[in-house]
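Peer 1: Just the structure for this:
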Amino acid sequence: MQTLSNNEDFLLKELSGDAQKRFLEYVDAWGIVNGESVLDSFITGFRLGARFAYDTFVKEENVASDE
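Peer 2: Numbers count the residues shown, from 1 in each chain. Okay, here's the model as predicted:
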């Protein structure tokens, strides 16, 4: 994280005009893509965890007895 921050600060100082504007648009777009990816991973993990909890505590299976 520190490396990313340092590089972003460096580029913002070195770039100017249209190049700086394009870089900021790139940073913003990457933030949106990264946020969507993290959200998708969270939702997938949450659904998987909910399914495990349901299977463990709620779902009743027909267990064949040996009687």
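Peer 1: what's near enough to touch residue 23?
Peer 2: 11-12, 15 (Cβ atoms under 8 Å, 6 or more residues apart in numbering). The C-beta positions use only the backbone N, C-alpha and C, and glycine is treated the same way.
Peer 1: ok, now with 6 Å
Peer 2: 11, 15 (Cβ atoms under 6 Å, 6 or more residues apart in numbering).
Peer 1: can you tell me the average pLDDT over the strand or helix carrying it?
Peer 2: Here residue 23 sits within helix 17-57, counting by DSSP states H and E. What helix 17-57 shows for mean pLDDT is 94.
Peer 1: shift numbering so it begins at 32
Peer 2: I'll keep to 32 as the first residue from here, and by that count the last item is helix 48-88.
Peer 1: any idea how far it is from the chain center?
Peer 2: Taking Cα atoms, centre = their mean, to the nearest Å, one finds the center of helix 48-88 at 3 Å from the center of the full chain.
Peer 1: what's the average pLDDT for the one helix or strand residue 42 maps to?
Peer 2: Residue 42 is part of helix 33-45 when elements are defined by DSSP H and E. Mean pLDDT, helix 33-45: 94.
Peer 1: what's it in contact with?
Peer 2: Counting by Cβ under 6 Å, 6+ apart, residue 54 sit against helix 33-45.
Peer 1: Give me the buried positions along it.
Peer 2: Across helix 33-45, burial judged by 16 or more other Cβ atoms under 10 Å covers no residue at all.
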